[in-house]
Each structure stands twice: as C-alpha cells, then as structure tokens.
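Visitor: Let me see the structure of the following:
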Amino acid sequence: MKFPDVPSDHSLTFLQSLKKAGESGEINFLDFHRNEFENRTLLRITVPIFDFANKKQVIGYLTMRIDPEQYLYPLIKRWPVPTNSAETLLLRREGDKIVFLNELKFNKDSVLSVHRPLTATKIPAVKAALGEKGIVEGSDYRGVEVIASVGAIPNSPWFIVSRMDRDEVYLPVKQRFLITLIAVVSLILSSGAGFGYFFRRQKVKYYKERSEGADQIRKLNRLYAVLSNINQAIVRILDKEILFNEVTKIAVTDGKFIMAWVGLFNENRTNIIPQSFNGDEESYLSLQDSLLRKDNSGTCRIIMERENVICNDLNKECLELSLHEDIIKLKCRSFVFLPLVVHKQKIGIIALYSDTIHFFDEKEIKLLSELALDVSFAIEFIDKEKERIDSLEKLSASEKRFRETLENMMEGCQIIGFDWRYKYLNDAAVKYSMQKREELLGERVMDRYPGFEKTEMFKVIDECMRYRNQIFREFDFTYPNGTLGWFEFSIQPVPEGIFILSLDITERKKAEQALILNEARLKKIIDLMPIPIGYVSTDGVIATRNQKFLKVLGYTEEDIPTMNEWWGKVYPDPDYRQTAMESWKKAVEHATDVGMNILPEEYNLKCKDGLTRTFEISGIILSDGFLVTLVDVTERKHREVNERLAKEVLEKLNVTKDSTTMINSIIQLIKVSSGIEAVGIRLKDGDDYPYYITTGFSKDFVEAERYLCSYDNNGQVIRDKNGEPKLDCMCGNILTGRVDPAKSFFTEGGSFISNNTTKLLATTDDKERLTRTRNRCNSSGYESVALVPIKSGEEVLGLLQLNDHRVNMFDGESIHFYESLGSSIGIALIRNKAQEELNRINEELENRIQERTRLLEISNKELESFAYSVSHDLRAPLRAINGFSKFLEEDYSEVLSDEGKRHLKVIRDNSQKMDRLITDLLSLSKVARVNVNMASIDITSMVKNIYEEVIPEELKDAFTFNVDELPKCFGDPTMMKQLWINLISNAIKYTLPREKKEIEISGKIVDDEIVYSIRDSGVGFDPNYKHKLFGIFQRLHGEEEFEGTGVGLAIVKRIAERHLGKVWADAELNVGATFFVSFPIKER
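Guide: Below you'll find the model as predicted:
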C-alpha cells in the first residue's frame, strides 16, 4: 500500500476526535479548532473503519481534513460586496459568549481568539447568536455604527453576519446634501432677496433626495437579503437543481424581481438551456419556448464576450440580442444576465428581470456580480463534493475489496498503534509472527517479543512513529525460540500509528548469501587461477580481469577498457589483426550455433612490455557476455621448437664425425628453426677466434669482424700481463670470461644478450660494458644480439652468435637453451677431437692388451703350480709334525710331565690350524680362478640342507632355525653352497654361547636385485668396525673366544663379487648380527 504524505497534525483535539469516533462508531465532525503543530485553523471529519468479520472491531479510520483558508474564507471575503467597510462574519456560540470563526477585517489574528459576551446586545453578531434574523442596526466589535444582515446557518452551530458601516451606507445622500447646502449659502450671500424662495426649494429638494436615498437603501437591503439568503442556501444545499430553484425563488421573493431563471449553455454553446425558474410563469413559458426553439448563438456569443449583459431600458438597449424581441414582449422594463463561471469558463447565466426602468445601477451590479460569483463557487463546490461522494463510495467499495485483499495477501499486513499495541494483523502477519492472533491483538510488541526495543528494527519503527516518514528496509529478526528470519518491511505512518507491510525473504536472503559467497568464491578462484582470465560483456566492455591477466599481459582497465582497444593494442600489425578478428568471430559464431564453448586457438599477442607472446585463447559463452581464458604457450612453443632443434642437432652431433660438416648443418638448423636472421660460430685458432662458419651475415660484415685480436705496430698480438691475447668487443668478453651477471646484459651462463642494441649503447659506456666495443652489429642495424659461449666443461672453445634486425627476439629461456646447445657443440667438438686421439690410443692399447694377456696366462700357470705346491709340499711337513706329536703323546705320555703334554698339544693344535688356514686359502684362490657355471638355484632347499649338514646333532634342539620362502637366484651352485656354508656356520658359532639361539634366513626382490639376509641372536659385534668384516685375516673377536682363520667371510665376499653381487652386515653388540648378500635378478 502507498499512502500520501500528510502534514503531522495529530493534536490532542484530533486524538480525542478519533477516540469519540471509535467509541461511538459514528462519523465524528470536529468543528473549527486550532492545530497546535502548524498553528492553523482546521475542520476534520473522522470515519471509523470496522473489521469485515467483526462489525464492532475498529481496525482503522478514514480522516478528512478541511482547510477553511482554501475553501471557505475566500468565499466569505468576496461576499457581500467589496467595499471599504463591508465584511461577512462567521461565529458560533460558546456558553455565555460568542467567538469569531474567521479573520476580522479590522482585527488581525482573530480566528478563535476574539470573543464578545452575550450581554453586548448592540453588536449584530450577538443579535444573531441570540436568534435575531434580517436587517439590524447596531455597533460592531469596533464600536462603530453599522447596518447588518444577520441569521443562523441551518444544520450547523454557526451564525453569519454581513455588515457595512452606517456612514458608508448614507455617504451618497450626505454628499448630495453637502453640495446643495454650499450652493444655497452662495446664493444667500449673493442675493438676500431670493433667500426664502431658494431655501424653501432646496429644502424640498433635500427631502426628495433623502427619500430617494431611503429607496436606494431599501433596494440595497433587498439585495443584501438576497445575497445573505442565497449564501445560506449555498452552505446547506449540495444539489445543483435544488440550489438553482432556491436561487431563483429568493431572487423573486426577497429581491422583488418579477422573474428570475438560471440557464446553462449547451455543448456547442449555441443556446441556453433553462434549469430553474421563478416569477411570472406566462412570461417564462413564452421565453422558454424561444430559448428552446430559436438559434440563440448570437446571444450566447455576446454573453461569452461581455462581463455582464445589462439592459436598463428595453426599448433603447440590447437590440442586438436574438432574444430581444421575445424579452420586449414581457412585462419587464430592465434585466441583467450574470455569467456563471466554473474553472475560469462561462457555463451559463443567472437572468434577473425588473419592472423598473434603470433598475440596475453600478452598486446593484457589483452586488449581483458577487451573487453570480458565489453561485459559481457553489456549482464548483457541488461538483467537487459530488466527486468526493463518488470517491467515498468507490473508496468504500475499494475498502471492502482492499480488506479482502489484505486478508488474502501473501505479504504480512499489520497496524501498530502509538502505544505500540497491535491493532490489526492479516493471516500472513500472524503466520510470520509464529504466535496466535488473539495473543497479539491489543498487546504491546515488546511484551510479545522481549528485547525488541534494543533492536535496529525498533529504532526504525520508532523513527517512523515519531516523525511520520515512510521507510523501506530489510531486517533480520530473531524469534523468541532463536530462529532467525529475514523480512522486507514497508513502514508507513497512518492515523492510528504505523502500517507495516512485511514479506518473508528468509529463503531469498539465504539464497542471496549463498550466491554472494559463491560469487566471492568464484571471483577469488578466478582471480587466483594460474592462467589469465577475463570477462567481456555483450557491449564489448572488459569487465573483469584476474591477477594473472595483469601480470602476464600487463594491460590494466585504463589501457584496454573495451575490445576496441584490445584489438588495436595486442595486434599492432593490421594484417594479422584482421586475421585474428575474423578467426575469433568465426569461433564465437560456431560456439553460439552449436551451443558449446569457444574452442581454443593460438594467437600471437603483444604484451604491454613490448614482447610478443603466443596464447591459446578459448572461452565460455554466457547470457550477458563470454568468459575468456588465455593459456600462455610461448614457452611451450619455444620448447617445442627447441626440443625439435635439440633433437636434430643431437642427431647431427652423434652422426657427423667431421666438425666442419657438423657445425655447418647445426647453424642452418638454428637459423631455420628459430627464425633468427644471422647465425655464426667462432672457434679458437691459435691466439684468435675467427668466424668458423656463418649464415645470414653479409660478406663485408664477416670480413670486417672475422678476427678479434688487436695487433701492435710490429704486427704482433697485443697480450695482457698474463701473456694472454687481448680480444676486442663483446665477443672478447664472452670468450675470455669477462662477464658480470649482475648486469642485465650478461647471464649466469656467461652469455651476452641485448634486445635493443641502440638503447644499450645509449645507456652504457665501455667501462660498464667491460670492453672497448666496435659497435659494428648496431651500425649494421642489428638490434637483437646474443653471444653464447661454446664450452666443454669450463673450457671455452668458441662462441655461437645470433643477430637479428628486429627487437625483443630473445628471452631468458631461449638463451638458456642456446647455452645448453653451446655446451653440446663444445662436447661434440671435444668428442671429435678426442675420438681421433682415442682411435690412436685404442690401437696402442690393443697391442698392450695382447701382450699383457700373454703374460697373465703365464702368471696363472705359475699360480696353479704354486697352489699345488702349497697343497702338497706345505701340507707334508704339517702332517709329519702332527703325526709324530701324536705318537709322542700316545707312547711317552707316562714319562712326559704335564708341561710337556701341554707343549705337545700346542704343537698339534697349531699344525691343525695351519692346515685349516691352507685349506681356506686354497678355497679362496680357487674361487678367484675357477669359471662360474651359472644355473637356477633353489636357495630355500639349499640353506635347509646345509643347516642339517653343519649343525652338530647334539645342538639341533638348542637352536631355532627359520627359513622364509626364498626367491630363486641364478648362480654357480658350488660357489653358492660354499657361501651359505660359511654364513650359516658363522651364525651357529657366534650364537652358541647365547641362551636364546635363533637363526632366521629371509629374502626379497628389491628393484632389479635379490637380497638375502641371515639374522642370528648371537654375540653381535661393534658396528663401528663392520668395514673390517670381509677383509682377509680380519677378526672382531679373539681367537681364544671363537676359533677360525679370518678367511671365511672374505670367501663370501669373493663369491658375491664373482656373481656381480654385494655383501654387507649390521649388528648390535650382545644382541645379534644380520648379514646381507645381493645378486642381480637376471644372468649377466
């Protein structure tokens, strides 16, 4: 609902009026009263509005405020006639006094403030209040003698007084008497003889004029009575037909006119249609016949043109009227047509007829004009009143529809009084409240919702309540049960307090919040995406660009706000721009037609830094534009080119053995693949580095720049203090290592790069460039220059030179690639050089190998002979010593002392030990000499059998021996058995002293090897000495603790190595040890 803005005039009197209307259930009329807010005099009508279902329940009020300044006082001021002293007074009786209801002409600010007691009976206003009617004389509120027309206004508590000063009424008579008196005195002074005659004559004239003045007064009094009575009729009559009848009746009855009628123009204004008549009926009927029968457009035109149509002598005047012939037949001698003007337009006339010639003088016309004006005002008022009544009827019907609509609205509707009590709620408002209607009506909001007065909603409603302003807001509201809801409120001031239209937007707010969150999340995701992304609206505005877009392309919103600027800046070449625009347009149209995304295509874009980069551009068609993604594929394209170039170069390097052919093919590949205009290679030749091969350079350029050394006057090479030749220009820097990576034109790899040599030379000097430069590249127009060292390790063999007349042809990645290429070329050059040396060495080496093979065969034979000698010649004395010692012990034990017996035992033990040592050494020698016969071996079965063989029968129950399912291996079965015999025997020996005796063997495949392990719970060893375990004769325990020769683990190691395997161990002292042995999976 929308209510019109109204002034804030809720005075105590007005509130009392509302209360009376509510209590009585009837329309309440509030008489003239002073509004305390605006200090204005007002009238008001209050109509109570009842609940459609409960006829006794007042749910609202319709109040109509009447401002007499606009509607009543202007009418009163114009009546009865504008003179110096005439005025109309409106008053009412209040107890024993009267109070004036309109502004007094001679007493300002008098409305409702000027009073007179009822005892002042000489005042015409008091006479009216006491019931007198008609023409009276007396003193007004100023004490001035006046003549007045007084009376009561029917059906109201008001009285009306029309008064004029007595002196103004008799002023014409007095003026004529004074002129006559002056003339008489003059005559007396000039001629005393005729004084008596003239005095008597003037006396007669005086009384005659006085009699005529009295007639004039009576005529005016009749007109005043007509005006008064007609205005009273205007006040009480709200029907035009009745009013017209009353006007003509009063005119004839009180004004003594012989006939009066009211007529209105027809639609074309060609005739006057009579509406009401009074007076001589026969004359009227004759006239009416003429009015209805004749074409009176001429008369109508004259009435429209003149202010009034006045005829004081029917025989001499108004001959031009078409009605003249009909009027002259009547009994009247003079008449007047007074126009009725409504909304500044003449709509008809009041016609008055008199039987007296020259009846209508100036004063009568003024009074009658006021009469016509009052009737015109009444017609306008009646029309407006009819419109108002029609509006009220429509309002009543509308109210009924409105109430039904209110009850069925989805929006909540509620009225809250000034006391914050609920006065009305529709079903939706009750639903929103989460309470019952009967629990809310008549109750205060803050009582039903504790804490409400602390909320922002309370502040807003209170503001509307106080200052009567409209408010449209959204609020979140927490119900007593803790539930949170969102409502859209339209708060309007109404007479009872405030009207609130509410709509539950909780779900919408949740959706909005979710949408905002999603939008923020999406925006953040887009902003943080690792590729440039932009959003373009349908009108071509680039509305969004993420961080990567700004970082990669460099263009801000100010640089390219729309696609127009985009095309111009990123595609500076007109031909390529046209191609790109056509390609993009075609891609967008295709995507739109088939309802899919814009497929990616490659475009070369010029970035803000001046570099041209290649992007793969694709997009998503949206309802209001499209989202564009740009994938920078510049490096990828460069890598593809570089990889292809590298592959081709490597093929050349690997295939071509001739350096000249190799280098020539390489620089051709570089030139074609990179698009660089000129490529050359310098290689060391004596002290200098002349061009070895070039392509793309002019002959003059190559000849002028071929050599870098400087020569003295004797033609000798100029050298530095270290005896090295001085090399000129930037090439000399690269070849001699005079580079400073801190400078932008040098790299960490020792290269030089410039994408704008003109700018470089303009902003640096020879000192900064670390050399005296010849500047021939720049003078030849080359702007992009790269000088890359050709290296082999740290040795500089030459340099690769790339020149182009275009700017910005190189970047860090491309230079890094060329540096790698330079190293590959350097390696190839060294390789080719080394290959020649290698061929020579190989030939020499082959001869040496043949000679050493012959010597080795001799040595192996000598070793076999030595082994045989050890096996037979050394063991024979040992057997003799051991045998004879045994004989002595057996045969002479009785004669030998204990010490002698001990000595014999030492001899025997050491001879046996020596035998074992020889055996182990022979085994070790055999492992190194014999051929390895490879076969697949089931290690699981092998280790179980070996354990049964080596462990004494009496110790089997003391040991716990566990073997996992071990992977098979490929090896020599004999050697492998010897390896496991040594490892298992070792584990038994060192575990025997321990209370807990456990041995566990496991195996697994690791990468391309089989790893076996044997873990025991024996005495272990210090891990700090594990590197000594597998050395020959190395022992980590004393011989007195554990017997052995120190060769067993060395044999294990030798067997593992013969199988291209490894052996190692780990242990913890007094905890145990684990030995590992690994072999390749496949036979080698």
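
Visitor: so residue 941 is in which element?
Guide: helix 939-950 (DSSP states H and E).

Visitor: Name the residues that touch whatever helix or strand comes next after that helix?
Guide: Using DSSP H and E, the helix or strand that follows helix 939-950 in sequence is strand 960-963. Outside strand 960-963, the residues that touch it by CB atoms under 8 Å, 6 or more residues apart in numbering are 940, 943, 944, 947, 951, 997, 998, 999, 1000, 1001, 1002. For the C-beta atoms, the positions are set from N, CA and C on the backbone; glycine is no exception.

Visitor: List just the nearest of the residues you listed to residue 348.
Guide: residue 1002 (130.1 Å; CB to CB).

Visitor: List the buried residues for the helix holding residue 941?
Guide: Neighbour counts over helix 939-950 (16 or more other CB atoms under 10 Å) mark 939, 940, 942, 943, 946, 947 as buried.

Visitor: hmm, back to that, so which of the contacts of strand 960-963 is the closest to residue 539?
Guide: residue 1002 (76.0 Å).

Visitor: tell me the phi and psi of that closest one?
Guide: The phi and psi values for residue 1002, taken as degrees, to the nearest 10, are phi -140, psi 170.

Visitor: so how far is residue 1010 from it?
Guide: 11 Å (CB to CB, to the nearest Å).

Visitor: same check, this time on residue 738
Guide: 57 Å.

Visitor: Pick out whichever of these two has more residues nearby.
Guide: residue 1010 (21 against 15; other CB atoms under 10 Å).

Visitor: and the more buried one, that's in a strand?
Guide: Yes: the assignment for residue 1010 by DSSP: H, G, I helix; E, B strand; the rest coil puts it in a strand.

Visitor: and residue 450, how many residues sit next to it?
Guide: 9.

Visitor: Assign a three-state SS to it, would you?
Guide: Classified using three-state DSSP, residue 450 is coil.

Visitor: isn't it right up against residue 458?
Guide: No: in this structure residue 450 lies outside contact range of residue 458 using CB atoms under 8 Å: 11.9 Å.

Visitor: average pLDDT across the helix holding residue 941?
Guide: When pLDDT is averaged along helix 939-950, the result is 90.

Visitor: before we move on, back to that, now distance to residue 264 too, for the contacts of strand 960-963, in JSON lines please.
Guide: JSON lines is the format used below for the contacts of strand 960-963 (distance: CB to CB, whole Å):
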{"residue": "940", "distance to residue 264": "134"}
{"residue": "943", "distance to residue 264": "138"}
{"residue": "944", "distance to residue 264": "140"}
{"residue": "947", "distance to residue 264": "142"}
{"residue": "951", "distance to residue 264": "147"}
{"residue": "997", "distance to residue 264": "142"}
{"residue": "998", "distance to residue 264": "136"}
{"residue": "999", "distance to residue 264": "138"}
{"residue": "1000", "distance to residue 264": "132"}
{"residue": "1001", "distance to residue 264": "135"}
{"residue": "1002", "distance to residue 264": "129"}
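
Visitor: Out of the residues you listed, the closest to residue 63 would be?
Guide: The closest of the contacts of strand 960-963, once distances to residue 63 are taken by CB to CB, is residue 1002, at 104.5 Å.

Visitor: Quick check: the closest one vs residue 1018, distance?
Guide: Taken as CB to CB, the span from residue 1002 to residue 1018 is 17 Å.

Visitor: Strands along the stretch 901-1050 of the chain, start to end?
Guide: 935-937, 960-963, 969-971, 998-1006, 1009-1016 (DSSP state E, counting those that start in this stretch).

Visitor: Report the strands that pair with the last one, each with its relative direction.
Guide: When pairs are called by DSSP bridges, strand 1009-1016 turns out to pair with strand 998-1006 (antiparallel), strand 1072-1080 (antiparallel).

Visitor: closest to residue 568 out of these?
Guide: strand 998-1006 (64.3 Å).

Visitor: Would you mark the buried spots in the closest one?
Guide: Buried residues in strand 998-1006 (16+ other CB under 10 Å): 998, 999, 1000, 1001, 1003.

Visitor: okay, those residues in CSV with pLDDT and distance to residue 388 next?
Guide: Shown next, in CSV, are the buried residues of strand 998-1006 (pLDDT from 0 to 100; distance: CB to CB, whole Å):
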residue, pLDDT, distance to residue 388
998, 91, 118
999, 91, 121
1000, 93, 115
1001, 93, 118
1003, 92, 113
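
Visitor: Which single one of those is nearest to residue 279?
Guide: residue 1003 (145.9 Å).

Visitor: Could you pull out the helices in the stretch 351-500 of the chain for me?
Guide: 362-408, 427-433, 437-440, 445-448, 456-467 (DSSP state H, counting those that start in this stretch).

Visitor: Most tightly packed of these?
Guide: Across these, averaging neighbours per residue (mean count of other CB atoms under 10 Å) puts helix 427-433 on top, at a mean of 19.

Visitor: Which secondary structure elements does it sit against?
Guide: strand 412-417, helix 437-440, strand 497-504 (3 or more CB pairs under 8 Å, 6 or more residues apart in numbering; DSSP states H and E).

Visitor: can you do 10 Å?
Guide: helix 362-408, strand 412-417, strand 422-425, helix 437-440, strand 497-504 (3 or more CB pairs under 10 Å, 6 or more residues apart in numbering; DSSP states H and E).

Visitor: now the second one against helix 456-467, angle please.
Guide: Yep, that's strand 412-417 we're talking about. Going by axes from the mean of the first three to the mean of the last three CA atoms, to 10 degrees, strand 412-417 is angled at 50 degrees with respect to helix 456-467.

Visitor: cool, the last one as well?
Guide: Between the direction of strand 497-504 and that of helix 456-467, the angle (the same axes, to 10 degrees) works out to 150 degrees.

Visitor: partners of strand 497-504, with directions?
Guide: strand 412-417 (antiparallel), strand 484-494 (antiparallel).

Visitor: sorry, back to before: can you tell me which of the helices and strands packed on helix 427-433 comes nearest to residue 346?
Guide: With CB to CB as the yardstick, what comes closest out of the helices and strands packed on helix 427-433 is helix 362-408 (9.1 Å).

Visitor: So what's the gap between that closest one and the chain middle?
Guide: 54 Å (CA atoms, centre = their mean, to the nearest Å).

Visitor: Would you mind checking the average pLDDT for that helix?
Guide: 82.

Visitor: tell me which residues in stretch 545-565 are buried?
Guide: Buried, per 16+ other CB under 10 Å, within stretch 545-565: 545, 546, 548, 549, 552, 553, 555, 560, 563.

Visitor: The helix or strand where residue 790 lies - which strands sit beside it in the sheet, and in what orientation?
Guide: Taking DSSP H and E as the definition, one finds residue 790 inside strand 784-792. The strands beside strand 784-792 in its sheet (DSSP bridges) come out as strand 752-754 (antiparallel), strand 795-804 (antiparallel).

Visitor: picking up where we left off before, as a markdown table, the helices of the stretch 351-500 of the chain with distance to residue 973 would be great.
Guide: As requested, the helices of the stretch 351-500 of the chain are exported to a markdown table (distance: least, CB to CB, whole Å):
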| stretch | distance to residue 973 |
| --- | --- |
| helix 362-408 | 103 |
| helix 427-433 | 95 |
| helix 437-440 | 102 |
| helix 445-448 | 101 |
| helix 456-467 | 95 |
